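>>> Just to be clear, the model below is a prediction. Sequence and coordinates:
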Amino acid sequence: MMQFPETFVWGAASAAYQIEGYDLEDGGGASIWRTFTHTPGKIAYGDTGDIACDSYHRYAEDIALLKELGVRAYRFSTSWARIDPNADGTWNPAGLAYYDQVVDNCLNAGIEPYMTLYHWELPQASQDRGGWESEETAYAFGRFAGMMANHFKGRVKNYFTLNEPQCTTSLGYQQGVHAPGLKLKLPKVFSCHIHQMMAHGLALRAIKAADPDAVVGIASTGNLCYPETETPENIEAARQATFATDADNWIFTHQWLLDPIILGHFPDCPGTRLEPLVKKVTQKQMAIIHCPPDMLGYNIYNGHAVCTGENGPIYIPKYPGYPRTALKWPVTPEVLNWGVRFLQERYKLPGYITENGLSCNDRIYLDGKVHDPDRIDFLARYLTALSRAVESGADIRGYFHWSLTDNLEWHSGYGDRFGLIYVDFPTGQRIPKDSFCWYRKLIRSGRVDPAN
């Protein structure tokens with residue numbers, strides 16, 4: 001069994017469009033995800049977020065379950081479009097009032113709110129003016145962030161500016177499988193990346209101007225590797241592979257987001273298609289981008305085993321029948337040890353695991369309960385690996401399970417369930433799963449024990 005520090009922050013996470021529903025209610029505006037889910041053929045089963053988990057009306061029930069779970073913190077996102085329907089700074093009082101209630105209910109339950117300001121829900125009005133292809137969007141987001149920090153000053157201390165800009169850029173603007181569903185060429189894709197990094201810098205400065213005591217981070221995702229065996233040579237190979245630049249898959253790396261923001265420069269890319277694009281980044285843009293956060297969020301689900309070879313790192317192929325989740329993501333617990341260590345070595349900032357979990361084929365059993373032994377086994381393995389990273393000295397201060405409830409899994413619809421709490425979507429009924437009880441015991445003890 002591995003013991004976590006008493007100060008370790010245990011939490012759960014969610015995202016607005018995935019759980020809230022009723023996005024146009026009380027003066028809310030359409031987001032790109034509303035538009036996308038209402039476009040035929042884009043979402044599995046034709047699902048939309050129109051009702052989702054109905055957390056817009058049932059937030060108090062969900063927060064009561066958080067209190068029952070025993071978490072110290074709740075990471076949730078706000079819908080920019082609900083609060084700023086036209087993305088022009090004309091704030092919707094009812095939208096703010098909803099998040100007032102969420103925050104106040106959390107505080108009354110003894111739960112610290114960790115607010116993510118952007119979890120992919122760009123106002124459609126902003127997309128109509130160019131979306132992340134336009135620098136204007138970065139400045140609009142900075143204005144939104146500053147208003148939010150001023151409004152919630154004294155109640156919300158911890159903010160994440162953006163969630164996974166890598167996904168927004170690649171899945172939304174390059175591959176077209178996420179909103180807004182575009183398939184742009186590399187120069188425009190790179191501009192979207194630049195403008196999101198600018199948005200972080202502008203937002204962080206605006207938050208600090210409104211509330212100097214605020215703690216501000218950004219949630220990143222990307223390629224992570226771990227050594228096949230823990231020899232010095234394989235560890236170094238895994239480190240090199242984690243931060244290698246692949247000009248064809250540069251977006252899904254941590255360093256192409258965090259190096260410019262934290263270190264003030266882009267990764268080396270001589271002779272690649274990226275080099276001329278990097279050279280076009282202006283000094284003014286770079287001055288905005290280079291804005292180190294107070295903390296980092298790491299969204300980590302899986303990684304790659306690596307060993308050393310004569311010509312550099314070698315990726316170890318997954319064998320036939322390799323353990324996978326219901327979404328067919330590989331189960332690789334070691335990434336929550338070594339991947340975290342490599343990120344800590346490079347960026348030297350306090351970190352939180354802002355997302356980690358798995359999709360299971362959950363259902364209500366004949367006894368009326370939801371049994372999910374796969375999730376318990378997954379969490380025991382991954383959190384044991386994380387405890388090794390913490391024990392080694394990695395400054396990881398908390399863990400947010402993804403997710404609190406089952407929800408709309410973006411383009412996969414409602415068919416994939418990540419929650420600790422089962423949601424019966426026809427009725428909205430919440431049923432805590434076996435993993436909910438397991439996680440509650442872990443939080444109370446601070447120890448990882450598969451049999452707890």
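Here it is on my side, so go on.

>>> Span of stretch 165-180 from start to end?
14 Å (C-alpha to C-alpha, to the nearest Å).

>>> any idea of the mean pLDDT for it?
Mean pLDDT, stretch 165-180: 98.

>>> do stretch 149-156 as well
pLDDT averaged over stretch 149-156 gives 98.

>>> quick one: it to chain centroid distance?
22 Å (C-alpha atoms, centre = their mean, to the nearest Å).

>>> swap in stretch 337-356?
14 Å.

>>> ok, and for that stretch, which residues are buried?
337-344, 346-347, 349-356 (16 or more other C-beta atoms under 10 Å). Where C-beta positions appear, they are placed from N, C-alpha and C, glycine not excepted.

>>> Could you do stretch 388-400 as well?
Buried residues in stretch 388-400 (16+ other C-beta under 10 Å): 388-390, 394, 396, 398-400.

>>> Val177 against His411, yeah?
Yes - using C-beta atoms under 8 Å, Val177 is in contact with His411, at 5.5 Å.

>>> Just the ones in helices from the buried residues of stretch 337-356, please.
337-344, 346-347 (DSSP state H).

>>> Can you tell me which of the residues you listed is closest to Asn86?
Closest approach to Asn86 among these (C-beta to C-beta): Tyr347, at 36.3 Å.

>>> list the contacts for Pro85?
27-30, 92, 95, 123, 125 (C-beta atoms under 8 Å, 6 or more residues apart in numbering).

>>> redo that, cut-off 7 Å
Pro85 is in contact with 27-29, 92, 123, 125, counting by C-beta atoms under 7 Å, 6 or more residues apart in numbering.

>>> Now, of the residues you listed, which are buried?
Counted by 16+ other C-beta under 10 Å, these give 28-29, 92, 123, 125 as buried.

>>> Just put these in JSON lines and tack on secondary structure.
Listed next are the buried ones among the contacts of Pro85 as JSON lines, based on DSSP: H, G, I helix; E, B strand; the rest coil:
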{"residue": "Gly28", "secondary structure": "coil"}
{"residue": "Gly29", "secondary structure": "coil"}
{"residue": "Asn92", "secondary structure": "coil"}
{"residue": "Pro123", "secondary structure": "strand"}
{"residue": "Ala125", "secondary structure": "helix"}
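
>>> tell me which of the residues you listed is nearest to Glu61?
Nearest to Glu61 among the buried ones among the contacts of Pro85 is Gly28, at 20.7 Å by C-beta to C-beta.

>>> Now that closest one: closest residue in space, sequence neighbours ignored.
In space, and not counting its chain neighbours, Gly28 is closest to Arg82: 4.0 Å by C-beta to C-beta, 6 or more residues apart in numbering.

>>> measure the one you found to Ala238 for me?
Note on Arg82: its distance to Ala238, by C-beta to C-beta, to the nearest Å, is 42 Å.

>>> Leu336 too?
The spacing between Leu336 and Ala238, counted by C-beta to C-beta, is 13 Å.

>>> Please apply the same query to Ala209.
From Ala209 to Ala238 the distance is 40 Å (C-beta to C-beta).

>>> So between those two, which is more surrounded?
Ala238 (29 against 13; other C-beta atoms under 10 Å).

>>> Could you list which residues are in contact with Thr161?
When contacts are counted by C-beta under 7 Å, 6+ apart, Thr161 touches 117-118, 145, 200, 203-204, 216, 218.

>>> List the ones among the residues you listed that fall in strands.
117-118, 216, 218 (DSSP state E).

>>> can you list contacts of stretch 436-452?
Against stretch 436-452 from outside (C-beta under 7 Å, 6+ apart): 1-4, 6, 8, 10, 69-71, 376-377, 379-380, 383-384, 387, 401, 420-421.

>>> Identify the residues contacting the residue nearest to Gly28.
Here Arg82 is in contact with 23, 28-29, 92, 95 (criterion: C-beta under 7 Å, 6+ apart).

>>> and which of these is nearest to Lys328?
Nearest member of these to Lys328, counting by C-beta to C-beta, is Asp23, at 29.6 Å.

>>> Now that closest one: which helix or strand?
Per DSSP states H and E, Asp23 falls between elements, in no helix or strand.

>>> Can you pull out the residues in contact with stretch 361-380?
Under C-beta under 7 Å, 6+ apart, the answer for stretch 361-380 is 326, 331, 358, 360, 417, 422, 431, 433-435, 438-439, 448, 450.
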